[in-house]
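> need the 3D shape of this:
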Amino acid sequence: MSASTVTTAGVPVVDGIPFARAGREELRDRVAGLVADGEVDRARVALLADSDDWWTEPPPPDEQLARVPAATTLREAMALLGMGRVGDYFAHRWSDPTHLAVLALVGQHWPGDRPVVDVACGIGTQLRELSRRGVRDLLGLDVVWSKLWLAQRFVCPGARYVCADLTAAPDLHVPQPAYVTCHDAFYFLRDKPAAAAAMHALAGPGGTVVVGHAHVADPHGAPLPPDEYARLLGATVLYDDAELTRSLLERRAPRPAPAEELAGSEAIGLVAGDLRGPAPADLGEPLGPLRPNPLYVDGGLRWPSERYAAEYGPRSGHLPARWPEPLPADAARRRLLVDLPEQW
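Numbers count the residues shown, from 1 in each chain. Next up is the predicted model:
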């Protein structure tokens, strides 16, 4: 891990990740004090125990959190962190239909050489996709420090990470125009007008704002109708989420639709500002080395939990119930084969 310091602004930095989350001033001051006293391990445990405001489970005991740095795989670390259903989501993100929808959206509106800010980046799954395809200036922003730690340690070490709220972040030193994204999370943000304004401010004049998988009908989070999302974000291009997933599987460009036609969608994707152009390479083809999708156990598709099965099973027609022999020519595109992180 990189050295831990305290910045001149009083923001503690542990393992290279600043902790500037709003509403956590007491924790921030405690961590800063521990770091100043050379108690980096205790500071890390305190940060690993913090979670977002939607999470209802208590943190694991400090003794368990202290073992996280010794974890040799992403799954082991998430188990020690007690991530439960969120850990299932992250562990199998590489083949779920919402991830394929994000790939189609970003592939159609590619950042190119623009700096990228991924808001609510989680463990850095999207940042990894961008990094592996040559995008170099990457910043992940999230309110949960442990997720950023996992991203840096196991998923996308080439990105820079800051733990802060989008609407109360310190100066992130992002050159403009920038490409600012938020995938499978914008509907959770409580003050959406402020969040939309902050994303546009980060993107700057001539920049791009991309929001993927924004819930419309799904009850999770605090969803909005498509026209309201479009108004808040100033979006000029909208897509049905299921259409994005289908387009990736069918090797074609996604078809946009007006907001009034998307009222019955479960979720949508939106683009505002500079629409950019398609990626030079097909994001539907995962990069190697590829491994068999770990959702298959003893030849059968096995969901990690009933909750996961209920949410993703009906939307995962690209994954057959049984492992096919021989593998079809589109096995990688359908995510029978996946490009998992080395230490998955």
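> what about residue 42, how many neighbours?
Using other CB atoms under 10 Å, residue 42 is surrounded by 17 other residues. Glycine gets a C-beta too; all of them are placed from N, C-alpha and C.
> tell me how far it lies from residue 21.
As for residue 42, its distance to residue 21 is 18 Å (criterion: CB to CB, to the nearest Å).
> name the nearest residue to the residue positioned nearest the centre of the chain, ignoring sequence neighbours.
Of all residues in the chain, the one closest to the mean position by CA atoms, centre = their mean is residue 121, 3.6 Å from it. Leaving aside its sequence neighbours, residue 121 sits nearest to residue 140 (CB to CB, 6 or more residues apart in numbering; 3.6 Å).
> for the record, mean pLDDT for the helix or strand harbouring that neighbour?
Per DSSP states H and E, residue 140 falls inside strand 138-142. With pLDDT averaged residue by residue, strand 138-142 scores 98.
> please apply the same query to stretch 311-324.
On average, stretch 311-324 scores 94.
> what residues does that stretch touch?
For stretch 311-324, contacts defined as CB atoms under 8 Å, 6 or more residues apart in numbering pick out 95-98, 100, 242, 245, 249, 292-293, 295-296, 299-301, 303, 331, 334-336.
> in ChimeraX, select just the buried ones from those residues.
Entered in ChimeraX, the line below selects the buried ones among those, by 16 or more other CB atoms under 10 Å:
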select :95,96,97,98,100,245,249,293,295,296,301,303,331,334,335,336
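> out of the contacts of stretch 311-324, list just those in helices.
97-98, 100, 242, 245, 249 (DSSP state H).
> how near is the residue nearest to the centre of the chain to residue 90?
Residue 121 is 11 Å from residue 90, by CB to CB.
> cool, and residue 108?
25 Å.
> all strands of the stretch 51-200 of the chain, in order?
Taking DSSP state E, counting those that start in this stretch as the test, the strands found in the stretch 51-200 of the chain are 116-119, 138-142, 160-163, 179-183.
> how about CSV for the ones you listed, with mean neighbour count and distance to residue 320 added?
What follows is those, written out as CSV (neighbours: other CB atoms under 10 Å; distance: least, CB to CB, whole Å):
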stretch, mean neighbour count, distance to residue 320
strand 116-119, 26, 31
strand 138-142, 24, 33
strand 160-163, 24, 37
strand 179-183, 28, 26
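> in TSV, list these along with distance to residue 28.
TSV is the format used below for the strands of the stretch 51-200 of the chain (distance: least, CB to CB, whole Å):
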stretch	distance to residue 28
strand 116-119	20
strand 138-142	15
strand 160-163	10
strand 179-183	24
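> quick one, which of those is nearest to residue 229?
Between residue 229 and the strands of the stretch 51-200 of the chain, the tightest spacing by CB to CB is seen for strand 179-183, at 11.3 Å.
> which strands and helices sit next to the closest one?
On a contact count with 3 or more CB pairs under 8 Å, 6 or more residues apart in numbering; DSSP states H and E, strand 179-183 meets strand 116-119, helix 192-203, strand 208-215.
> what lines up beside it in the sheet?
With DSSP bridges as the test, strand 179-183 is paired with strand 116-119 (parallel), strand 208-215 (parallel).
> one step back: which members of the ones in helices among the contacts of stretch 311-324 are the farthest-apart pair?
98 and 249 (13.4 Å).
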